[in-house]
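Undergrad: Got a predicted structure plus its sequence, pasted below:
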Amino acid sequence: MRMLSTLALMTLVGTGAAAPAAELSVGDKAPDFKLAASDGKTYHLADFKGKKAVVVAWFPKAFTGGCTIECKSLAANGNRIRKYDVAYFMASVDPIEGEKGNKAFAASEKADFPMLSDPTKEVATAYGVLNAERGVANRWTFYIDKAGKIVAIDKAVKPPTSAEDMVAKLAELKVATR
């Protein structure tokens, strides 16, 4: 059995396959990212360090049922989220451009917040959200404090109440208000 495990590991290393990322936990440093967004800007997590909290709501796929519901919830309640001193994003492994890209998705749902695109899946892998079987991100939300530490991870996001749940979590975490 040990020989098979060693052989499997050597095969993975030999093929250059990426090893799965270790699962992130509350208290861990959030993996840095620099991703293009639906508003035409590129966002770098490091730019927020010491300035404001960050929320990254990963979603599986643009223009699908649950993701559309989640986006509508966040767009309809953006004023409640913006009461907090926080930068918030939805993020997926979809491309930024194209008719099924995050730019088109954000426009179609009138999202008043940026949607990040990670088509290389590197950031999704670093956050441990990539569902390798399906090739999409799991619907998980990461709450990151001003110091760049993960302070909460929601792995049971409910699309219809995602905004209300986000507001409740921001209050629970005592994120500063504006």
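TA: Yep, it's here.

Undergrad: which residues touch residue 159?
TA: The neighbours of residue 159, taking CB atoms under 8 Å, 6 or more residues apart in numbering as the test, are 66, 67, 69, 70, 73, 139. From N, CA and C alone the C-beta is placed, and that goes for glycine too.

Undergrad: repeat that for 7 Å
TA: When contacts are counted by CB atoms under 7 Å, 6 or more residues apart in numbering, residue 159 is found next to 66, 69, 70, 73.

Undergrad: Save these as a markdown table, and put in neighbour count, pLDDT and secondary structure too.
TA: Written out in a markdown table, the entries for these read as follows (neighbours: other CB atoms under 10 Å; pLDDT from 0 to 100; DSSP: H, G, I helix; E, B strand; the rest coil):
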| residue | neighbour count | pLDDT | secondary structure |
| --- | --- | --- | --- |
| 66 | 16 | 88 | helix |
| 69 | 16 | 92 | helix |
| 70 | 25 | 94 | helix |
| 73 | 19 | 94 | helix |
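
Undergrad: between those residues, which is closest to residue 45?
TA: Proximity to residue 45 was ranked across these by CB to CB; first place goes to residue 70, at 21.2 Å.
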